[in-house]
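> Here is a sequence with its predicted model. Questions after.
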Amino acid sequence: QLQLVESGGGLAQAGGSLRLSCAASGRSYRAYAMGWFRQAPGKERDFVAAINWSGGSTRYTDSVKGRFTISRDNGKNTVYLQMNSLKPEDTAVYYCAANAEYRLSQQSNHWGQGTQVTVSS
C-alpha cells in the first residue's frame with residue numbers, strides 16, 4: 001500500500017512562491033510516476049504536473065508551464081512542486097498522486113489528503 005502525505009500549502013501573495021512536498025511511504029514508491037492535481041471551489045479536480053519514476057520526464061498543464069516545477073528525490077521518497085509567480089487562479093486544494101502509469105489516470109491514482117493553497121491579489 002502506498003501512502004502519500006502533502007505539506008507546504010498556505011497563503012501567498014500574487015507573484016509569490018510556495019513549495020509543496022509529498023512524502024510517500026511504501027516499498028514500491030520508486031516504481032511509481034508521481035504528480036500533482038488541484039481542485040478549486042466548485043470545479044473538478046484537474047491535472048497540474050507529472051514526473052516519471054526516474055525524474056527524467058516531466059509534463060505540465062499549459063497554465064503552469066514556466067511557473068511551476070515538479071521534481072522528486074527518490075532517496076527521500078518525496079516529490080516536490082515548486083510554484084513561482086503565483087496567481088489568484090492558482091488557489092485550490094492541491095493533491096499528490098501516484099500511479100504505476102505515467103499518464104496518472106484519476107480513476108486509478110493513489111491520492112494524498114490534499115493541501116490548501118490560497119493566493120491573494
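Noted; the coordinates are in hand.

> and the spatially most central residue of the chain, what are its bridge partners?
By CA atoms, centre = their mean, the chain has its centre lying nearest to Trp36, at 2.4 Å. Listed by DSSP bridges, the beta-bridge partners for Trp36 are Ala49, Cys96.

> so it touches Cys96, yeah?
Yes. Using CB atoms under 8 Å, Trp36 makes contact with Cys96 at a distance of 6.2 Å. (Glycine included, C-beta is placed from N, CA and C.)

> joint contacts of the two?
20, 22, 79 (CB atoms under 8 Å, 6 or more residues apart in numbering).

> Next one: Val48 from Trp36, what distance?
Val48 sits 4 Å away from Trp36, going by CB to CB, to the nearest Å.

> shared neighbours of these two, which are they?
Joint contacts of Val48 and Trp36 (CB under 8 Å, 6+ apart) are 81, 94.

> buried stuff in the one helix or strand Ala12 maps to?
Secondary structure assignment for Ala12, by DSSP states H and E: strand 10-13. For strand 10-13, a neighbour-count test (16 or more other CB atoms under 10 Å) marks Ala12 as buried.

> Not counting that strand itself, show me its contacts.
Here strand 10-13 has contacts from 18, 86, 116-120, using CB under 8 Å, 6+ apart.
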